[in-house]
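Novice: predicted model and sequence follow; I will ask about them next.
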Protein chains: 2
Amino acid sequence: MNKDLICPRFEKAMNIISQRWTGLIIYQLLNGPQRFSTIESTIGISGRVLSERLKDLELEGIVKREVYPETPVRIEYSLTEKGISLEPLMKDIEIWSQTWIEKDIH
Amino acid sequence: MNKDLICPRFEKAMNIISQRWTGLIIYQLLNGPQRFSTIESTIGISGRVLSERLKDLELEGIVKREVYPETPVRIEYSLTEKGISLEPLMKDIEIWSQTWIEKDIH
DNA sequence: ATAATTACTTACATAAAGTAACTAACTTAC
DNA sequence: GTAAGTTAGTTACTTTATGTAAGTAATTAT
């Protein structure tokens, strides 16, 4: 009885973006390549879930992982072209939040 | 040690949008007012969670609930001005999905 | 030898979501 | 008038996701 089905591609995109933490990780990586511990402390995600999310995002082709064998090892996460293509979307959320979300919300 | 903190308003907005099902509910309501059972079957959410989400979205001022005392009762959910203001964002996700998500993904 | 660093992983606890049956209020069919 | 149907939920219970805190591997510094 439901006339208008939801486009599966839209649904897939929404599932990626709307997974907990994913948006903040991508937003954070728009500032340039970053290491695990930086992302972890900046957005306040647990290491367990960050590790999981970065793997998923790598599989989706949104995030790229690079190893620099220094001491201690440095691993940098950055956005691929596909990841960077999400920037306008992130900016939209930013702009929306500035209009519709109150200043004093914690 | 983390220079760039995340803007709390952005974070709040992201938390709303990125909560599971929220995006699809809003997207669905862009087609106009709809009743509980229609949303439920169109996006494939469980009644338990839909009920919860609609309450949250009403509290956020994004969704409006209206009762029509017919038989059986008709209750329509629709977007407020704040809700409608999310349309450009939804369209961006739609456009992004058309470029970056494969056709044959289920 | 001990401690420190980074990028994880593991085991366990808690919170969120899915499932399916149930309810309230009313109407229509038998 | 009793049973069955309708919508918009709720409730109890199960499964899945996330949080927490400790542990690991590789390497260097003290």
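Specialist: Right, received. Where do you want to start? Remember, predicted model here, so these are calculated numbers, not experimental data.
Novice: going by C-alpha atoms from here, please, whenever you check contacts or count neighbours.
Specialist: Will do.
Novice: which residue does chain A bring closest to chain B?
Specialist: A:Ser18 (3.8 Å; Cα to the nearest Cα).
Novice: for chain B, what are the nearby residues on chain A?
Specialist: A:2, A:4-6, A:8-15, A:17-20, A:23-24, A:28, A:38, A:41-43, A:82, A:85-86, A:88-89, A:92-94, A:96-98, A:100-103, A:105-106 (Cα under 8 Å from any Cα of the partner chain).
Novice: now, which of the residues you listed lie close to DNA strand C?
Specialist: A:Thr38 (Cα under 7 Å from any atom of the strand).
Novice: please enumerate the strands of chain A.
Specialist: A:34-35, A:63-68, A:74-79 (DSSP state E).
Novice: and the last one, does that touch DNA strand C?
Specialist: Yes: residues of strand A:74-79 contacting DNA strand C under Cα under 7 Å from any atom of the strand: A:74-76.
Novice: ok, so of those residues, who is nearest A:Ile62?
Specialist: Nearest to A:Ile62 among the residues of strand A:74-79 next to DNA strand C: A:Glu76, at 13.9 Å, using Cα to Cα.
Novice: what number of residues are in the vicinity of A:Leu5?
Specialist: Neighbourhood size, A:Leu5 [other Cα atoms under 10 Å in any protein chain shown]: 10.
Novice: any figure for the gap between the residue nearest to the spatial centre of chain A and A:Met90?
Specialist: Nearest to the mean C-alpha position of chain A, by Cα atoms, centre = their mean, lies A:Ile26 at 2.5 Å. A:Ile26 sits 8 Å away from A:Met90, taking Cα to Cα, to the nearest Å as the criterion.
Novice: for A:Ala13, same thing?
Specialist: A:Ala13 is 14 Å from A:Met90, by Cα to Cα.
Novice: those two - which one has more neighbours?
Specialist: More neighbours surround A:Met90 than the other of A:Ala13 and A:Met90, with 21 against 18 (other Cα under 10 Å).
Novice: how about that one, what does it touch?
Specialist: Listed by Cα atoms under 8 Å, 6 or more residues apart in numbering or on different chains, the contact set of A:Met90 reads A:23, A:27.
Novice: what does A:Pro33 give?
Specialist: Here A:Pro33 is in contact with A:76-79 (criterion: Cα under 8 Å, 6+ apart).
Novice: grab the nearest non-local neighbour of it.
Specialist: Excluding the flanking residues, the one nearest A:Pro33 by Cα to Cα, 6 or more residues apart in numbering or on different chains is A:Ser78, at 4.3 Å.
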